[in-house]
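1. from the sequence below, what's the structure:
(one chain, ligands or ions: 1)
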Amino acid sequence: MKSDIKLIDSKGKRLDGRKFDELRKIKIEAGVLHRAEGSCYLEWGENKILAAVYGPREAIPKHTQNPLRAIVKARYNMAAFSVEDRKRPGPDRRSREISKVISEALENIILTEKYPRASIDVNIEVLDAEAGTRCAGLTAAGVALADAGIPMKDIPASCAAGKIEDQVVLDLGKEEDNYGNADLPIAISPRSGEVLLLQMDGHLTEDEFNKALNLAINGCKIVSDIQKKALLDKYQPALEVD
Ligand code: UDP
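-> Got it, this is the predicted structure:
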């Protein structure tokens, strides 16, 4: 969408003062819900997200069971009050798509073969939305899964890069998402670099795509450090007592 809004000023600063390769402020807390096996509360800019993990438990109905591995059911939901124009409650096309791509990303990093016939349910509730909620949700889900003690190859980290005013930048904010040219959300397994999710909205040249991908991968590594710190904040005190 074209607009008269200037997304980058003459000094290269973005609307919220960030440089091209800067993430919004991220705050993560692990283990916030006592009924869930694992949980996470995450703030990413103005996004506020809760993730809760239940299971592994017997997959119901039975015909959904896989005799060789667990199924992973991620459910991304936006609260009606999370966006400017109240959102109609319940699943829509967009939330079904996001649930599907997040489920597939998580299936590729969880050691699902350890839990045949089981279901691992991951609920992602967006309480406040300000662009980038699928990445923030997946990042919160990674921490909640680790908090639940679900065995994984690594803790998945997610982040997007995009293009605004013909420049490739990290982590689009709301106006940047609305009026920018492209958005490239990804998720990776930080240690191996394996890409677990990659979507693209808008247009990028091959060169811009490579730049955006590298920027997003670096962003994921920063996100990964914040995830690990949140888990250490919760579990280190207990380890020190033992
Ligand atoms: N959004 C909204 N109403 C909706 C869906 C999305 O206002 O029904 C806003 C919300 O702030 C969201 C942003 O549009 O974060 C970008 O949505 P997109 O589909 O690109 O997904 P996201 O960037 O959140 O992963």
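2. low-confidence bits of this protein, can you list those?
-> Scanning the chain for pLDDT under 70 picks out 1-3, 242.
3. what segments of it are helices?
-> Along the chain, the segments classed as helices by DSSP state H run 93-107, 133-147, 174-179, 206-241.
4. CSV please, covering those helices and showing distance to residue 5 and mean neighbour count.
-> Using the backbone N, CA and C atoms, a C-beta is placed for each residue, glycine as well. Below are the helices of the chain laid out as CSV (distance: least, Cβ to Cβ, whole Å; neighbours: other Cβ atoms under 10 Å):
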stretch, distance to residue 5, mean neighbour count
helix 93-107, 24, 18
helix 133-147, 21, 28
helix 174-179, 5, 18
helix 206-241, 21, 16
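5. can I get these in a markdown table with distance to the ligand?
-> Formatted as a markdown table, the helices of the chain follow (distance: least, Cβ to the nearest ligand atom, whole Å):
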| stretch | distance to the ligand |
| --- | --- |
| helix 93-107 | 6 |
| helix 133-147 | 3 |
| helix 174-179 | 5 |
| helix 206-241 | 13 |
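6. which parts of the protein sit against the ligand?
-> 83-84, 87, 94, 129-134, 174, 177 (Cβ under 6 Å from any ligand atom).
7. now for the residues you listed: which two are most distant?
-> Greatest spacing in those, by Cβ to Cβ: 84 and 134 (18.2 Å).
8. excluding chain neighbours, what is closest to residue 226?
-> Leaving aside its sequence neighbours, residue 226 sits nearest to residue 26 (Cβ to Cβ, 6 or more residues apart in numbering; 5.2 Å).
9. which residues sit in contact with that neighbour?
-> 42-44, 139, 223, 226 (Cβ atoms under 8 Å, 6 or more residues apart in numbering).
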